[in-house]
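Colleague: What follows is a predicted structure for the sequence shown.
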Amino acid sequence: MARQDARQLTLWNGLAQSLTDFGLLVKFRLTLMVNFSAVIAYATVSTSPLEWFPLVLLSLGGFFVTGAANALNQGLEREYDRLMPRTANRPVAAGRMTLSTAVLLAGLMAMLGISALTWFNPLTGFLGTLSLISYAFVYTPLKRVSPLSVVVGAFPGALPVIIGGVAFEGTISPLVFYMFLIQFLWQFPHYWAIAWLADDDYKRAGFYMLPTRNGQKDASVGLLSLSFCALLIANSAIGFAIGLTSLPATLGLMLLNVWFGWRCWQLYRECSHAAARRQMFASFLHLPLSLLLVLIDKI
């Protein structure tokens, strides 16, 4: 009886570890955030009552495509992940999952995800494929070459908004492009705050993530982050000027952008780990609140 209980416990522990490793492989929380952007965009441009089936299909398609990109990323960077304490426990880097298994899972997820997105229309499927390829095979290797990788990575990072909008409309409307710009511009202060906090890890692996000469942590990181908050403010003003958002929604977006910019200003003035952490946490709130404001405005 004890031996049977031990086998059951071992089986349960193995299953739990496999599920945990799958979550790490696809970067579960990040993938959910990406899906959130796509679903919000879909709901914002929708001109009819939302139905559960398209929303579920869009969520699954976005999840699998993003998960496949993350799995390929970890397969390609497995040797570098081992050099960084914060990524050394990823399943491929730690040796709990073979490279072939990760690639197989990525292939299955890519096939399922792109098929689900293509159900809406061919352009949605194409954009999902473009997002996957540009993230895994352009952004990923570029991280060890130039800090411009952040610029390249911002495109697949913001494409889910367009994917969600195109899934309903079949085309890229001005409102969808406006929301795309929110997520695109947001990524720069978001990533640079993370790069500041993880600078030692990134340098250990040979990644160039900070936008400064020789990758040094200095005031220009905060200043450049602040400049993108200024662009977010300009985007909000243009959206109101051309009738994409109402005055209350625009004022709300402006307040969020100013608050985010204030956090970036603190990093510029202090050049400290604490200021970078505040900027990072501000970014976690800024994006979902901004997209929800646009959605509520349309409702």
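Modeller: Sure thing, it's come through. Numbers count the residues shown, from 1 in each chain.
Colleague: hey, C-alpha coordinates of stretch 81-96 in PDB?
Modeller: Output of stretch 81-96 as PDB, limited to C-alpha atoms (Å, rounded to 0.1, in the frame of the first residue of the first chain):
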ATOM      1  CA  ASP A  81      19.600  31.500 -20.000                       C
ATOM      2  CA  ARG A  82      21.900  29.200 -18.000                       C
ATOM      3  CA  LEU A  83      24.200  32.200 -17.300                       C
ATOM      4  CA  MET A  84      21.400  34.300 -15.700                       C
ATOM      5  CA  PRO A  85      20.000  33.500 -12.300                       C
ATOM      6  CA  ARG A  86      16.600  34.700 -13.100                       C
ATOM      7  CA  THR A  87      16.300  32.500 -16.200                       C
ATOM      8  CA  ALA A  88      18.500  29.500 -15.200                       C
ATOM      9  CA  ASN A  89      15.400  27.600 -13.900                       C
ATOM     10  CA  ARG A  90      13.600  27.700 -17.300                       C
ATOM     11  CA  PRO A  91      12.900  24.100 -18.300                       C
ATOM     12  CA  VAL A  92      15.200  23.900 -21.400                       C
ATOM     13  CA  ALA A  93      18.000  25.800 -19.700                       C
ATOM     14  CA  ALA A  94      17.700  23.700 -16.600                       C
ATOM     15  CA  GLY A  95      17.700  20.400 -18.600                       C
ATOM     16  CA  ARG A  96      14.200  19.300 -17.400                       C
END
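Colleague: for that stretch, what is the average pLDDT?
Modeller: Mean per-residue pLDDT for stretch 81-96: 90.
Colleague: tell me which residues of that stretch are tucked away?
Modeller: For stretch 81-96, burial by neighbour count (16 or more other CB atoms under 10 Å) applies to 81-84, 87, 90-93, 96. Where C-beta positions appear, they are placed from N, C-alpha and C, glycine not excepted.
Colleague: Any chance of TSV for those, columns secondary structure and distance to Ile194?
Modeller: Formatted as TSV, those follow (DSSP: H, G, I helix; E, B strand; the rest coil; distance: CB to CB, whole Å):
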residue	secondary structure	distance to Ile194
Asp81	helix	16
Arg82	coil	20
Leu83	coil	17
Met84	coil	13
Thr87	coil	12
Arg90	coil	16
Pro91	helix	21
Val92	helix	21
Ala93	helix	19
Arg96	coil	25
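Colleague: any chance you could map the helices in the stretch 151-299 of the chain?
Modeller: Secondary structure of the stretch 151-299 of the chain, counting by DSSP state H, counting those that start in this stretch: helices at 174-197, 199-205, 219-241, 247-270, 273-298.
Colleague: I misspoke; the intended subject was the stretch 1-150 of the chain.
Modeller: Secondary structure of the stretch 1-150 of the chain (DSSP H, counting those that start in this stretch): helices at 2-26, 28-45, 52-76, 78-81, 91-94, 99-118, 122-134, 140-142, 149-169.
Colleague: most packed of those?
Modeller: Stretch with highest mean neighbour count among those: helix 149-169 (a mean of 24; mean count of other CB atoms under 10 Å).
Colleague: and it, what does it pack onto?
Modeller: helix 28-45, helix 52-76, helix 122-134, helix 140-142, helix 174-197 (3 or more CB pairs under 8 Å, 6 or more residues apart in numbering; DSSP states H and E).
Colleague: Brilliant, that's me finished.
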